[in-house]
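Peer 1: structural data only, the sequence is not supplied:
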């Protein structure tokens with residue numbers, strides 16, 4: 001459910017409240033409800049953030065008390081998409097049954113404000129940067145214009161680093177200046193100088209290249225997608241090393257909004273003096289044989305990957321576009337045991353977080369990982385961009401469709417990293433081959 005649908009829904013519901021007589025032992029805003037909202041809601045529901053209205057004061061909450069109770073009871077808010085909660089994932093935005101009951105009882109009691117002395121201080125949030133001011137900020141040289149209409153735009157901004165020695169990175173945040181048009185952003189590392197030459201051919205610091213960066217990447221940094229949060233896990237031995245001669249090439253995907261827009265994205269780098277003990281490794285899965293007819297409900301695609309070496313799992317991330325309905329992944333161990341990795345039964349393009357497991361765990365060599373993506377291309381899907389529904393095929397535009405699953409972690413033995421990456425790369429090339437074969441058969 002997009003934030004725009006939330007706004008419409010909330011605006012259409014009755015906003016009465018505060019007229020009932022509070023019970024003597026009823027919860028109050030200052031003592032009981034404010035701590036819940038400040039901990040779980042205000043980070044998004046404040047000026048210049050993604051929430052459609054603020055939740056910072058008693059009056060903010062009172063005006064929308066019945067809506068807050070309705071949406072929290074239905075567990076639409078706070079937005080947490082996986083079926084698994086804090087027992088599996090860190091940073092789960094899930095309210096306890098006690099917290100849900102406090103909000104409900106507060107509303108039923110007439111939404112009393114309570115004693116001023118009970119009100120906790122309003123939390124302080126860094127402006128824009130999730131972890132406070134970065135150690136280094138690199139910014140696109142000038143605002144980039146996105147036209148009011150037309151196809152989606154892929155542009156690659158070249159951001160030279162010119163480091164004279166290695167730098168160790170513990171966190172990265174991509175920060176668009178205009179999230180209305182920013183579909184996603186991927187920082188790609190270039191050590192060949194190719195990106196600089198491509199940008200020079202186009203007369204500046206950027207170049208278009210729909211479908212790829214135009215060079216073989218030296219690596220990637222964490223990027224931007226709606227709902228993505230930047231965090232540091234001090235227990236994680238993995239890290240990123242940026243060497244001399246490395247440029248960051250920020251691939252931005254823009255979607256026109258109907259009016260002329262501008263964006264000037266930044267990348268914030270947080271450094272550490274400690275050299276990473278291990279390199280970040282991933283398992284990437286996808287099925288790009290995507291051709292969804294209009295009216296299709298429950299249209300599925302899947303992918304499997306056989307783990308070549310013992311692999312320690314730390315996090316998982318899934319991807320689809322606007323008509324996605326369900327994403328799930330699970331692992332079958334060589335013993336036959338099944339482990340659920342991720343299940344999002346109500347996909348929402350606006351919340352594409354990386355989900356970090358409470359405790360890392362090992363998938364032994366020979367484990368088969370399954371990924372499955374499901375779409376709803378009917379009029380019943382409120383997120384469908386087309387009315388009436390149209391045929392939707394694989395593509396990089398917002399109104400096209402795509403699949404993706406990334407499992408992050410590390411090989412148990414550092415000496416086997418090369419074998420792991422060979423397998424991951426081979427799987428990627430095989431997926432591309434299968435998708436191209438399917439496309440040729442349809443044509």
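Peer 2: Nice, thanks for sending it over. What you are looking at is a predicted structure, and each value in this text was computed from that prediction instead of being measured.
Peer 1: looking at this, residue 426 is in a helix?
Peer 2: Yes - counting by DSSP: H, G, I helix; E, B strand; the rest coil, residue 426 is found in a helix.
Peer 1: distance check, residue 292 against residue 140.
Peer 2: Per CB to CB, to the nearest Å, residue 292 is found 35 Å from residue 140. To be clear about C-beta, it is placed using only N, CA and C from the backbone, and glycine gets the same treatment.
Peer 1: buried sites along stretch 327-343?
Peer 2: Using 16 or more other CB atoms under 10 Å as the test for burial, stretch 327-343 gives 327-329, 331-332, 341-343.
Peer 1: cool, and stretch 379-392?
Peer 2: 381, 383-384, 389, 392.
Peer 1: could you do stretch 140-151 as well?
Peer 2: Neighbour-count burial for stretch 140-151 [16+ other CB under 10 Å]: 140, 144, 146.
Peer 1: same check, this time on stretch 284-294
Peer 2: Applying 16+ other CB under 10 Å to stretch 284-294 flags 284-290, 292 as buried.
Peer 1: I'd like to know which of the buried residues of stretch 327-343 are part of strands.
Peer 2: In this view, the buried residues of stretch 327-343 that belong to strands under DSSP state E are 327-329, 331-332, 341-343.
Peer 1: farthest-separated two in these?
Peer 2: 327 and 332 (17.9 Å; CB to CB).
Peer 1: could I get the contacting residues of residue 175?
Peer 2: 128-129, 224, 265-268 (CB atoms under 8 Å, 6 or more residues apart in numbering).
Peer 1: and if we set it to 6 Å?
Peer 2: Residue 175 makes contact with 128, 266, according to CB atoms under 6 Å, 6 or more residues apart in numbering.
Peer 1: returning to that earlier point: for the buried residues of stretch 140-151, give me JSON lines that also has pLDDT.
Peer 2: Output for the buried residues of stretch 140-151, formatted as JSON lines (pLDDT from 0 to 100):
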{"residue": "140", "pLDDT": "93"}
{"residue": "144", "pLDDT": "94"}
{"residue": "146", "pLDDT": "94"}
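Peer 1: need the residues that contact stretch 344-351.
Peer 2: 2, 79, 81-82, 226-227, 320, 322, 324-327.
Peer 1: now those residues: which count as buried?
Peer 2: 79, 81-82, 226, 320, 322, 324-327.
Peer 1: quick one: low-confidence residue ranges for this protein.
Peer 2: 1-24, 126-127, 210-212, 227, 443 (pLDDT under 70).
Peer 1: which residues of it fall in helices?
Peer 2: 3-12, 34-40, 58-63, 65-73, 97-108, 194-201, 417-442 (DSSP state H).
Peer 1: output these as a markdown table; include the columns mean neighbour count.
Peer 2: Converted to a markdown table, those look like this (neighbours: other CB atoms under 10 Å):
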| stretch | mean neighbour count |
| --- | --- |
| helix 3-12 | 14 |
| helix 34-40 | 19 |
| helix 58-63 | 19 |
| helix 65-73 | 20 |
| helix 97-108 | 17 |
| helix 194-201 | 17 |
| helix 417-442 | 13 |
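Peer 1: for residue 341, give me its contacts.
Peer 2: Contacts of residue 341 (CB under 6 Å, 6+ apart): 316, 329-330.
Peer 1: next one: residue 357
Peer 2: Applying CB under 6 Å, 6+ apart, no residues qualify as near residue 357.
Peer 1: between the two ends of stretch 197-213, what distance do you get?
Peer 2: Using CA to CA, to the nearest Å, the end-to-end distance of stretch 197-213 comes to 12 Å.
Peer 1: re the thing from before, just flag the most distant two among the contacts of stretch 344-351.
Peer 2: 82 and 322 (19.5 Å).
Peer 1: can I get the buried residues of stretch 284-294 in a markdown table with distance to residue 310?
Peer 2: Shown next, in a markdown table, are those (distance: CB to CB, whole Å):
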| residue | distance to residue 310 |
| --- | --- |
| 284 | 18 |
| 285 | 18 |
| 286 | 23 |
| 287 | 26 |
| 288 | 29 |
| 289 | 31 |
| 290 | 32 |
| 292 | 37 |
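Peer 1: of those residues, closest to residue 109?
Peer 2: Relative to residue 109, and with distances defined as CB to CB, the nearest of those is residue 292, at 48.3 Å.
Peer 1: could you pull out the strands for the stretch 51-200 of the chain?
Peer 2: 136-139, 144-146, 153-160, 167-175, 182-190 (DSSP state E, counting those that start in this stretch).
Peer 1: what's around residue 312, how many residues?
Peer 2: By the criterion of other CB atoms under 10 Å, residue 312 has 16 neighbours.
Peer 1: contacts only, for the closest residue in space to it that isn't next to it in sequence.
Peer 2: Of all residues not flanking residue 312 in the chain, residue 409 sits nearest, at 4.8 Å (CB to CB, 6 or more residues apart in numbering). Residue 409 is in contact with 311-314, counting by CB under 6 Å, 6+ apart.
Peer 1: can you rerun that using 7 Å?
Peer 2: 281, 311-314, 360 (CB atoms under 7 Å, 6 or more residues apart in numbering).
Peer 1: from residue 186, how far off is it?
Peer 2: In terms of CB to CB, residue 409 sits 20 Å off from residue 186.
Peer 1: swap in residue 308?
Peer 2: Taking CB to CB, one finds residue 308 at 26 Å from residue 186.
Peer 1: and residue 157, by the same measure?
Peer 2: 11 Å.
Peer 1: more neighbours, the two?
Peer 2: residue 157 (25 against 19).
Peer 1: would you check that that one makes contact with residue 202?
Peer 2: No - assessed by CB atoms under 7 Å, residue 157 is found out of contact with residue 202, at 11.3 Å.
Peer 1: which neighbours do the two have in common?
Peer 2: With CB under 7 Å, 6+ apart, residue 157 and residue 202 have no common neighbours.
Peer 1: ok, residue 437 - contacts?
Peer 2: Counting by CB under 7 Å, 6+ apart, residue 437 has no contacts.
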